[in-house]
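Novice: Generate coordinates for the sequence data below:
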Amino acid sequence: MGLNIVSLNCLYYAIDYMLGTMFLGYYLLFILLILIILNNYLSQIDAKRRNLITLLSINSENFNKPVIMKKYTNIQSAENCKGFSETIRQLSKFTSDDKFYRWFAGVIDGDGNFDVRQINSKLVLKSIRIKLHDRDVRILTRIQNYLHIGKIRSDKQKPFSIYTISRSEDLFFIVNKLNGLIRIKVDGLRKACFYLNIDYIEPNYNIEEFDPYLSGLVDTDGTIVFNYNCNRIECNLEFKYNEYTNKLNFDKVIPYYKPSILLREKTNQTSRITSVRFKSIAFKYQTVKGMVYLYDYFMENRLYSDFKFYRVSQIKKFITIRNFNNEPKDSVEFKIYSDFLFNWIQYRNPLWYKVPFVSKLR
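Specialist: Numbers count the residues shown, from 1 in each chain. You can find the predicted model right below:
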């Protein structure tokens, strides 16, 4: 009888061992299934998240900086705009980090500067600054939220805000990031590199397709205007002519849309008595056929100047009603055309009523 009990116990033990082994097998199979699903999910995560791995590597190995988590403002994303071109978005070859620093370089070249001073016969980089009208303060908050460094202060006397980076470790980090991307404020960058003992990198003046650098320049120094006589929306850039702006080549930035280049003499009134004459160089996107390509570029590389972004985001709608300007002024079509232009010119523009073509609308 004792042998039977022992045999029975052994049988129970064997069955229990088999069940345990089967359970372990099912458990491992379940874990494997979860890992496959998770891997597929991670492979589809936006490039912004994937890029954090690269950013962590750069920060830990070269700059000993913390991982930068981007904070999003409540500004509408270009990808959420109605009519956004998914095909164009997929063509972008720049990572999230690349896009930010290329755009940032355009902002610096537009309205930024490297504050390098000579102290005790030595060059010293005091700060990197960007000064913008309060209307465009979200450009500054976007930079601060992305970098998690620097301060923004308002001018108490004028409607301007200034973003400043002044800590030595932050200056070293930013100069390294912008090195090779700055094309206009080259003298300041060279001096900053010399002060920080960084080898200066010459930028490529043949700017690549869909490079966000152009959007940074337009955010700060560019204009989005309506040409009433030619019935089109235009984008213009103008700089003081020098050895650096002369080399700028935007021919490839917006596919199928090369800007026209205009050189002209201008006068800067320094006071009531004296004035300074100088030469400027202008890059003008001003063709009817090119408007759709302009729209596609800025839907891929959105502007963070809200009123400029609003203006370019309306191009697609404008194309559909553009010919209504030829209709009789008492027609429904011309009313639609007039309403569009009123809204377009009034958006965040307190001086809209001074625009000459307003009097020609219904």
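
Novice: C-alpha only now, for contacts and for neighbours.
Specialist: Will do.

Novice: okay, now Tyr146: neighbour count?
Specialist: When neighbours are counted by other Cα atoms under 10 Å, Tyr146 registers 16.

Novice: neighbours around Ile34, how many?
Specialist: Look at Ile34: counted by other Cα under 10 Å, it has 12 neighbours.

Novice: Now name the helix or strand holding it.
Specialist: According to DSSP states H and E, Ile34 maps onto helix 2-43.

Novice: who are the neighbours in contact with Arg348?
Specialist: The contact partners of Arg348, taken as Cα atoms under 8 Å, 6 or more residues apart in numbering, are Phe307.

Novice: ok but it is inside a strand, no?
Specialist: No. Checked against DSSP: H, G, I helix; E, B strand; the rest coil, Arg348 lies outside a strand; its state is coil.

Novice: Now it: phi and psi?
Specialist: The phi/psi pair for Arg348 (degrees, to the nearest 10) reads phi 50, psi 30.

Novice: quick one: pLDDT of it?
Specialist: As predicted, Arg348 sits at a pLDDT of 91.

Novice: Which of the residues in the helix or strand containing Asn145 are classified as buried?
Specialist: Using DSSP H and E, Asn145 maps to helix 137-147. Taking 16 or more other Cα atoms under 10 Å as the neighbour-count basis, helix 137-147 is seen to contain the buried residues 137-147.

Novice: Also stretch 240-257?
Specialist: When neighbours are counted by 16+ other Cα under 10 Å, the buried residues of stretch 240-257 are found to be 240-241, 245, 248-255, 257.

Novice: now, the most widely separated pair of the buried residues of helix 137-147?
Specialist: Across these, no pair lies farther apart than Val137 and Leu147, at 15.7 Å, counting by Cα to Cα.

Novice: quick check, distance from stretch 331-349 to the centre of its chain.
Specialist: Taking Cα atoms, centre = their mean, to the nearest Å, one finds stretch 331-349 lying 28 Å from the centre of the chain it belongs to.

Novice: Also stretch 234-251?
Specialist: Centre to centre, stretch against its chain (Cα atoms, centre = their mean), the figure for stretch 234-251 is 19 Å.

Novice: Could you do stretch 273-292 as well?
Specialist: 22 Å.

Novice: What of stretch 326-343?
Specialist: Centroid separation for stretch 326-343 versus its chain: 34 Å, with Cα atoms, centre = their mean.

Novice: How about stretch 248-257?
Specialist: Between the centre of stretch 248-257 and the centre of its host chain there is 17 Å, according to Cα atoms, centre = their mean.

Novice: Renumber starting at 84 from here on
Specialist: From this message on, residue numbering opens at 84, which makes the last subject stretch 331-340.

Novice: burial count for Val207?
Specialist: By the other Cα under 10 Å criterion, the neighbourhood of Val207 contains 17 residues.

Novice: what are the ranges of the strands in the stretch 134-283 of the chain?
Specialist: For the stretch 134-283 of the chain, strands defined by DSSP state E, counting those that start in this stretch occupy the ranges 195-202, 205-216, 234-237, 243-248.

Novice: buried set for the first one?
Specialist: For strand 195-202, the buried set under the neighbour-count rule, 16+ other Cα under 10 Å, comprises 195-199.

Novice: Return the member of those nearest to Ile404.
Specialist: Gly195 (38.4 Å).

Novice: That closest one against Arg212, yeah?
Specialist: Yes. Taking Cα atoms under 8 Å as the definition, Gly195 is a contact partner of Arg212 at 5.5 Å.

Novice: Bridging across strands, which residues link to the closest residue to Ala275 other than its chain neighbours?
Specialist: With Cα to Cα, 6 or more residues apart in numbering as the measure, Leu208 is the residue that lies nearest to Ala275, at 5.8 Å, once sequence neighbours are left out. According to DSSP bridges, the partner residues bridging Leu208 are Val199.

Novice: Mind pulling the model confidence for Leu208?
Specialist: On the pLDDT scale, Leu208 is placed at 96.

Novice: What about it, how many residues nearby?
Specialist: Applying other Cα under 10 Å, we find 23 residues neighbouring Leu208.

Novice: And for Phe361?
Specialist: Using other Cα under 10 Å, the number of residues around Phe361 comes to 13.

Novice: Present the strands of the stretch 134-283 of the chain as a markdown table; the columns should include distance to Arg445.
Specialist: Below are the strands of the stretch 134-283 of the chain laid out as a markdown table (distance: least, Cα to Cα, whole Å):
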| stretch | distance to Arg445 |
| --- | --- |
| strand 195-202 | 41 |
| strand 205-216 | 32 |
| strand 234-237 | 40 |
| strand 243-248 | 35 |
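
Novice: so which of those strands comes closest to Pro295?
Specialist: When the strands of the stretch 134-283 of the chain are compared (using Cα to Cα), the closest one is strand 195-202, at 16.5 Å.

Novice: any idea how far Phe322 lies from Arg405?
Specialist: Separation of Phe322 from Arg405 (Cα to Cα, to the nearest Å): 31 Å.

Novice: residues near the nearest residue to Pro295 once chain neighbours are set aside, how many?
Specialist: Ranked by Cα to Cα, 6+ apart and with sequence neighbours excluded, the top spatial neighbour of Pro295 is Trp186, at 4.8 Å. Counted with other Cα under 10 Å, residues neighbouring Trp186 total 25.

Novice: out of everything not next to it in sequence, what's closest to Phe392?
Specialist: Beyond its immediate neighbours in the sequence, the residue positioned closest to Phe392 (Cα to Cα, 6+ apart) is Leu386, lying 5.1 Å away.

Novice: would you say the one you found is within a helix?
Specialist: No. Leu386 sits outside any helix when classified using three-state DSSP, being coil.

Novice: Return the residues in contact with it.
Specialist: Contact criterion Cα under 8 Å, 6+ apart gives 298-299, 301-302, 392 as the residues in contact with Leu386.
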